[in-house]
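[1] Sequence isn't available, so here's the structure alone:
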């Protein structure tokens, strides 16, 4: 066992302590001292403050720029946006979801328009870089007022032109310009925007909204005919589905977009614009409904009108809920009338096999009528059938059922044609084979051919 003298152990301990203390002091002295604005965030009644940071990386320009950007974002966040009681947004009383979206977009606009700020200082240690910006509240307010005035000047120019269009009963042009004026002041919709117009002080945003509302409220759309009747299977031409757009005083409106809807569908093009006479028309190529009454509705297409004026999501969302009473045409759907003529043969001899009654049964079940007078019919259905012996060997008889089916309209125009040739039966006698062929043939006509006719016509 080795025993060191106590004084030597003590000397070694003292030496180690001095070396460690010296190293600690050197390390502490090498650390930069954090500035006061990092130790405690400054508070100011005269300035907006923004402090941001970024991790230190190998690229000094990158992390310093990120820290400065974050500081400016923090600065913008201090600039609150309050909705004035005399503002456009307050007038609309929009919902919380919209306000959230608007606040977010407005914050982005504040970031984009930041100017007049000062870089107070930067600081970095081994891991993090900080930046500190300051912006005078009075400077910000002055610059903001300059931007508002510039936006107002642009908007007022459009507003004046729109008012002139309105007085000339050109509501489409007026509405487009009113909406474009709203685009100009969009960043300031929460502000009162008090300004002078024709020697009168107005809250511009509210006045603008009131004019847009007045234009929409003054528009109306009415059908030329409020009721009509049409046969199923026929078209409704643009001479029947006509609507007129005008103001409340009867001045017709050109260029107004209109959207239409038919309760049973089948409308190919449901959008159109009014002509110089304020008229717009639509066509339904074929009425298919089995209901006795359907409705054709047309209304002013606010969404398309806004799309013409702006691509701005906020503006379109603000103004999309204007409601203009739609116009309706009540359509009575009449059953189509068929005239049926049939000719049946069995082994070359005319016969009566109840084919006409079978056709009537199917047609009536599918909301069709029939008449014994061809002049009263919309469609002439002709069916010619024949059962022919094709072969008889050793008492076994084969019979072929054929049918020629045509449909034409009252003008003689062919609408449907089909030949049935592939129904064959085999029995121990020709009489039995003929009866089976006739039964199979009529069933095929009932379940396949006549439904196909109805599908083609309606």
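    Happy to help now that I have it. This structure is a prediction, so every number in the text was calculated from the model and none was measured.
[2] At the geometric centre of the chain, which residue sits there?
    The chain has residue 303 as the residue nearest its centroid, 8.2 Å off, counting by Cα atoms, centre = their mean.
[3] what's the pLDDT at it?
    We have a pLDDT of 93 for residue 303.
[4] Am I right that it falls within a helix?
    Yes. With DSSP: H, G, I helix; E, B strand; the rest coil as the criterion, residue 303 is assigned to a helix.
[5] Flag every buried residue along the lengthiest helix in the chain.
    Longest helix in the chain, counting residues (DSSP state H): helix 137-167. Buried positions in helix 137-167, judged by neighbour count with 16 or more other Cβ atoms under 10 Å: 139-140, 143-144, 148, 151-152, 155-156, 158-159, 161-163, 165-166. Glycine gets a C-beta too; all of them are placed from N, C-alpha and C.
[6] For the closest residue to the residue nearest to the centre of the chain other than its chain neighbours, what are phi and psi?
    On the basis of Cβ to Cβ, 6 or more residues apart in numbering, the spatially nearest residue to residue 303 that is not a chain neighbour turns out to be residue 320, at 6.3 Å. With angles defined as degrees, to the nearest 10, residue 320 shows backbone torsions of phi -70, psi -20.
[7] Compute the number of surrounding residues for residue 428.
    Per other Cβ atoms under 10 Å, the neighbour tally for residue 428 reads 11.
[8] Need the per-residue pLDDT for the closest residue in space to it that isn't next to it in sequence.
    For residue 428, the nearest residue in space outside its immediate sequence neighbours is residue 395; the separation is 6.1 Å by Cβ to Cβ, 6+ apart. At residue 395, the predicted lDDT confidence score is 85.
[9] distance of residue 395 from residue 433?
    Counting by Cβ to Cβ, to the nearest Å, the gap from residue 395 to residue 433 is 11 Å.
[10] what's the answer for residue 66, then?
    For residue 66, the distance to residue 433 equals 93 Å [Cβ to Cβ].
[11] okay, these two: which has more neighbours?
    Applying other Cβ under 10 Å to residue 66 and residue 433 shows that residue 433 carries more neighbours, namely 24 against 18.
[12] Show me where the stretch 101-250 of the chain has its strands.
    Here the stretch 101-250 of the chain has its strands, by DSSP state E, counting those that start in this stretch, at 118-124, 128-136, 194-197, 200-203, 219-223, 227-231, 236-247.
[13] ok, and the closest non-adjacent residue to residue 239?
    Leaving out its chain neighbours, residue 239 is closest to residue 281 (Cβ to Cβ, 6+ apart), at 7.4 Å.
[14] Name the surrounding residues that touch the helix or strand encompassing that neighbour.
    With elements taken from DSSP states H and E, the one containing residue 281 is strand 279-284. Contact partners of strand 279-284, identified using Cβ atoms under 8 Å, 6 or more residues apart in numbering, comprise 224, 235-239, 241-245, 252, 256, 258, 260, 262, 266-270, 272-274, 296, 298.
[15] Mind giving me the ChimeraX select for those residues, buried ones only?
    Filtering these down to the buried ones (16+ other Cβ under 10 Å) takes a single ChimeraX command:
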select :236,241,242,243,244,245,252,256,258,260,262,267,272,273,274,296,298
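[16] what's the burial count for the residue lying closest to residue 354 once chain neighbours are set aside?
    Spatial nearest neighbour of residue 354, chain neighbours left out: residue 442 (7.7 Å); criterion: Cβ to Cβ, 6+ apart. Applying other Cβ under 10 Å, we find 19 other residues in the vicinity of residue 442.
[17] and what of residue 57?
    Residues near residue 57, counting by other Cβ under 10 Å, number 12.
[18] One more: residue 285?
    Using other Cβ under 10 Å as the criterion, residue 285 is surrounded by 12 other residues.
[19] Name the residues linked to residue 231 by a beta bridge.
    residue 334 (DSSP bridges).
[20] State the pLDDT value of the closest residue to residue 286 other than its chain neighbours.
    The shortest distance from residue 286 to any residue that is not its chain neighbour, by Cβ to Cβ, 6+ apart, is 5.8 Å, and that residue is residue 235. Model confidence at residue 235, expressed as pLDDT, equals 87.
[21] likewise residue 286?
    87.
[22] pretty sure it contacts residue 230?
    No. Counting by Cβ atoms under 8 Å, residue 286 sits too far from residue 230 to count as a contact (10.1 Å).
[23] how does the chain divide into domains?
    As recorded under automatic domain parsing, the domains making up the chain are 42-139, 147-218, 224-307+316-334, 337-457.
[24] What's the end-to-end length of the shortest one?
    So that's domain 147-218. Taking Cα to Cα, to the nearest Å, the span from the opening residue of domain 147-218 to its closing residue is 34 Å.
[25] ok, back up a step: quick check: the gap between the residue nearest to the centre of the chain and residue 48.
    According to Cβ to Cβ, residue 303 and residue 48 sit 40 Å apart.
[26] just residue 369 next, same as before
    81 Å.
[27] Mean pLDDT per helix and strand in the chain: which one sits at the bottom?
    Of all the helices and strands that make up the chain, the one with the lowest confidence by mean pLDDT, DSSP states H and E is helix 6-30; it has a mean of 52.
[28] more crowded one of residue 369 and residue 48?
    For residue 369 versus residue 48, the count of surrounding residues by other Cβ under 10 Å is larger for residue 48: 21 against 15.
[29] picking up where we left off before, just give me the lowest mean pLDDT stretch among the domains of the chain.
    Averaged per stretch, pLDDT over the domains of the chain is lowest on domain 42-139, reaching a mean of 81.
[30] Need the distance between the two termini of that domain.
    For domain 42-139, the separation between the terminal residues is 19 Å (Cα to Cα).
[31] what do you get for stretch 190-203?
    Stretch 190-203 stretches 11 Å from its first residue to its last (Cα to Cα).
[32] what about the residue nearest to residue 286, distance to residue 244?
    Here the distance between residue 235 and residue 244 works out to 22 Å (Cβ to Cβ).
[33] still on that earlier bit, tally of neighbours for the residue nearest to residue 239?
    Burial of residue 281, expressed as a neighbour count using other Cβ under 10 Å, amounts to 18.
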